[in-house]
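Visitor: 3D model of this:
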Amino acid sequence: MRERGEDKTSPDAPEAESLGAEFWKSARVVMPSGKTSVHLRLDSDIVEWFKANGKGHLTRMNSVLRAYVETQKRCG
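Guide: Sure, this is the predicted structure:
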């Protein structure tokens, strides 16, 4: 990708070390679980706060909810 000019990584970024053959022998593909589309009414200030932190606000909202659910699973 870098050679074709499609890599958005800084040209000054160092090359990563190879993970090596042993890593790839035990690597496995993990597919994310499916998503469900919902209509959700949220307080405007909450949505604006997430949007103010840039692109990907819905992904960040999902991450916050996931962290909450995982904590509840451990504590409950």
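Visitor: in this structure, which spans are helices?
Guide: With DSSP state H as the criterion, the chain has helices at 20-26, 44-52, 57-75.
Visitor: quick one: which of these is nearest residue 34?
Guide: Among the helices of the chain, the nearest to residue 34 by CB to CB is helix 57-75 (12.7 Å). Where you see a C-beta, it was placed from the backbone N, CA and C, and this is true even at glycine.
Visitor: quick check: angle from the closest one to helix 44-52?
Guide: 110 degrees (axes from the mean of the first three to the mean of the last three CA atoms, to 10 degrees).
Visitor: show me what counts as buried in helix 57-75.
Guide: Going by neighbour count (16 or more other CB atoms under 10 Å), the buried part of helix 57-75 is residue 61.
Visitor: what's in contact with it?
Guide: Counting contacts by CB atoms under 8 Å, 6 or more residues apart in numbering, the residues outside helix 57-75 that touch it are 47, 50, 51, 53.
Visitor: chain neighbours aside, what residue packs nearest to the third one?
Guide: With sequence-adjacent residues excluded and distances taken as CB to CB, 6 or more residues apart in numbering, residue 51 is closest to residue 57, at 4.8 Å.
Visitor: try the first one
Guide: Across the structure, with CB to CB, 6+ apart as the measure, the residue nearest residue 47 apart from its sequence neighbours is residue 57 (7.5 Å).
Visitor: look up how far residue 32 lies from the one you found.
Guide: Here residue 57 is placed at a distance of 19 Å from residue 32 (CB to CB, to the nearest Å).
Visitor: swap in residue 40?
Guide: 20 Å.
Visitor: show me what contacts residue 38?
Guide: Per CB under 8 Å, 6+ apart, neighbours of residue 38: none.
Visitor: list the buried residues for stretch 39-56?
Guide: Result for stretch 39-56 [16+ other CB under 10 Å]: buried residues residue 50.
Visitor: from the centroid of this protein, which residue is nearest?
Guide: Per CA atoms, centre = their mean, the C-alpha nearest to the average position across the chain is that of residue 59, at 6.9 Å.
Visitor: low-confidence stretches in the chain?
Guide: 2 (pLDDT under 70).
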